[in-house]
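S.K.: okay, here's the prediction I keep looking at, along with the sequence it came from:
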Amino acid sequence: MAPARSWDHYAQLFAAAPFDRTVCDFTPAYATLPESDMADIGRMMPQVKVIFLLRNPVVRAVSGAWHRLRRDGVERPTEAELLEACLASDNVIRRPREA
């Protein structure tokens, strides 16, 4: 993984905090990082503690779709529009149906 600027820049985001404070960096994007990227973060900042909270993935997908549709001007999306928006998301992993 290469953060937007550099590992040094990423580490500096945390370095400015007082020693006696907990610093948080949270984003849903971490959920899609490959395991190797999380390992890189651990090697670069061995003192880091990672806490992963997972929302109900179906509720999260519908919420994300609802927000995208609202942002695009769809005030009251239909169920079909929500489903289409969910399936169009990069965060939705589709599995092939079992035979």
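M.R.: Looks like it arrived, so ask away.
S.K.: how many neighbouring residues does A17 have?
M.R.: Residues lying near A17 (other Cβ atoms under 10 Å) number 11. C-beta here means a position set from N, CA and C on the backbone, and glycine is covered the same way.
S.K.: just checking, it touches A11?
M.R.: No: applying Cβ atoms under 8 Å, one finds A17 not in contact with A11, separated by 11.5 Å.
S.K.: checking R60 next. Helix, strand or coil?
M.R.: With DSSP: H, G, I helix; E, B strand; the rest coil as the basis, R60 sits in helix.
S.K.: what about D20, distance to E35?
M.R.: As judged by Cβ to Cβ, to the nearest Å, D20 and E35 stand 32 Å apart.
S.K.: before we move on, what about V50?
M.R.: V50 is 12 Å from E35, where distance means Cβ to Cβ.
S.K.: ok, F52 next?
M.R.: Separation of F52 from E35 (Cβ to Cβ): 12 Å.
S.K.: so where does D20 fall, helix or strand?
M.R.: Here D20 is covered by no helix or strand, with elements defined by DSSP states H and E.
S.K.: A61 - nearest residue in space that isn't next to it in sequence?
M.R.: Nearest non-adjacent residue to A61, counting by Cβ to Cβ, 6 or more residues apart in numbering: C86, 4.7 Å away.
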